[in-house]
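> Give me the fold of what follows.
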Amino acid sequence: MLCQVCSVVILAIGAYALNADNPIYKESSLPTGIMVLGGFVLVMSFLGCFGALQENRVLLLLYAILLCCAILCQIILAGIVLGSSSTVEKALEDAWKSASNATRTEVQKDFDCCGFRTFRDTDGANCTTTAVAACLPKVRPR
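All right, here's what the predicted structure looks like:
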């Protein structure tokens, strides 16, 4: 039951992001992906709960197969994400270049950094006086 509530919340977040006025959400497939994930979790949790409640072996077997597929997909995606750090860095650099000076200044303030790849590589954004490192090492996933 908790998974079903969480999946409805995920669906609602995806729907909100899809209808938001933010151009970042409009140009990406992230809201749609979130909604697909929410729908998948909803179907899986329904199969698990209903199959267990009815003691139906077919539904429970389908639930187990979908759960194994979901775990396999997570392992594959984790490998892809960990193996493609250069892709992540490229996406971060593209976002940095397309961001406004105000956004860059805000990122530098939030992460206490200055510049993107090298210290003081600000491209017009203002740095905080206490920053001693570039932003890329602080914002990229480890």
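
> And for Cys68, the neighbour number?
The number of residues packed near Cys68 is 10, by other CB atoms under 10 Å. Bear in mind the C-beta positions are built from the backbone N, C-alpha and C, glycine included.

> Same question for Ile10.
The burial count assigned to Ile10 is 19, neighbours taken as other CB under 10 Å.

> State the helix or strand in which it lies.
When elements are defined using DSSP states H and E, Ile10 is found to belong to helix 2-19.

> Would you mind measuring the gap between the ends of stretch 107-117?
The first residue of stretch 107-117 is 14 Å away from its last residue (CA to CA, to the nearest Å).

> Show the contacting residues for Gly51.
Arg57, Val58, Leu59, Leu60, Leu62, Tyr63 (CB atoms under 8 Å, 6 or more residues apart in numbering).

> which element is it on?
helix 30-54.

> Specify the angle between that helix and helix 2-19 in degrees.
Orientation of helix 30-54 against helix 2-19 (axes from the mean of the first three to the mean of the last three CA atoms, to 10 degrees) gives an angle of 160 degrees.

> Do I have it right that Ala133 meets Thr118?
No. With contact defined as CB atoms under 8 Å, Ala133 does not count as touching Thr118 (9.7 Å).
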